[in-house]
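*Asks:* sequence isn't available, so here's the structure alone:
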């Protein structure tokens, strides 16, 4: 994934929020915070949070957090939902540094734990079978194929094999 230019705010902000004190928040390739409403397209944010284009295995995953991400402020704390990372990042005070990590995480054991992977959640499943009970579930969202050697007969059954990589899904 390429890193976006310094002032690329993308085409769409997810979860924009304006607080009573005039701060504007928006998520695109990073979390952007303006201390006051921007006057024009050249009015850069006062703070950017997260590494643009980072995946959770590589670095702080605010960038590319996905559709449905949102921001909330309550009790002086900042909450940032990172939808495709399956967690909410919580800051006890407003962050001031690009690489500042949250003070706590809700919905995951830690900021870098991808619960989709650790719990074998399947997004956008496409089931298939070999006719003798080998079941395959593929996920175009995370580019994985989950293989159960025996037909699962209970909820939460973990696969025996997981294949992953861009080679699994091509647009050819």
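*Replies:* That came in fine, so what should we check first? Please read all numbers here as calculations on a predicted model, not as lab measurements. Numbers count the residues shown, from 1 in each chain.
*Asks:* how about the contacts made by residue 43?
*Replies:* residue 34 (Cβ atoms under 8 Å, 6 or more residues apart in numbering). (Glycine included, C-beta is placed from N, CA and C.)
*Asks:* can you tell me the SS state at it?
*Replies:* Under DSSP: H, G, I helix; E, B strand; the rest coil, residue 43 falls in the coil class.
*Asks:* give me the local confidence score for it.
*Replies:* With respect to pLDDT, residue 43 scores 90.
*Asks:* what's the first helix or strand after the helix or strand of the chain with the lowest mean pLDDT?
*Replies:* Ranking every helix and strand in the chain by mean pLDDT, DSSP states H and E puts strand 135-139 at the bottom, with a mean of 69. Scanning forward in sequence from strand 135-139 by DSSP states H and E, the next helix or strand is strand 144-148.
*Asks:* please enumerate the helices of the protein.
*Replies:* 115-118 (DSSP state H).
*Asks:* which stretches of it form strands?
*Replies:* Ranges of strands in the chain, per DSSP state E, are 14-18, 24-27, 31-34, 47-49, 70-74, 77-82, 87-91, 104-106, 125-129, 135-139, 144-148, 161-164.
*Asks:* any chance of those strands in JSON lines with mean neighbour count and distance to residue 113 as columns?
*Replies:* Shown next, in JSON lines, are those (neighbours: other Cβ atoms under 10 Å; distance: least, Cβ to Cβ, whole Å):
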{"stretch": "strand 14-18", "mean neighbour count": "16", "distance to residue 113": "22"}
{"stretch": "strand 24-27", "mean neighbour count": "23", "distance to residue 113": "20"}
{"stretch": "strand 31-34", "mean neighbour count": "23", "distance to residue 113": "19"}
{"stretch": "strand 47-49", "mean neighbour count": "23", "distance to residue 113": "19"}
{"stretch": "strand 70-74", "mean neighbour count": "16", "distance to residue 113": "21"}
{"stretch": "strand 77-82", "mean neighbour count": "21", "distance to residue 113": "12"}
{"stretch": "strand 87-91", "mean neighbour count": "22", "distance to residue 113": "8"}
{"stretch": "strand 104-106", "mean neighbour count": "14", "distance to residue 113": "8"}
{"stretch": "strand 125-129", "mean neighbour count": "11", "distance to residue 113": "22"}
{"stretch": "strand 135-139", "mean neighbour count": "18", "distance to residue 113": "18"}
{"stretch": "strand 144-148", "mean neighbour count": "19", "distance to residue 113": "17"}
{"stretch": "strand 161-164", "mean neighbour count": "12", "distance to residue 113": "16"}
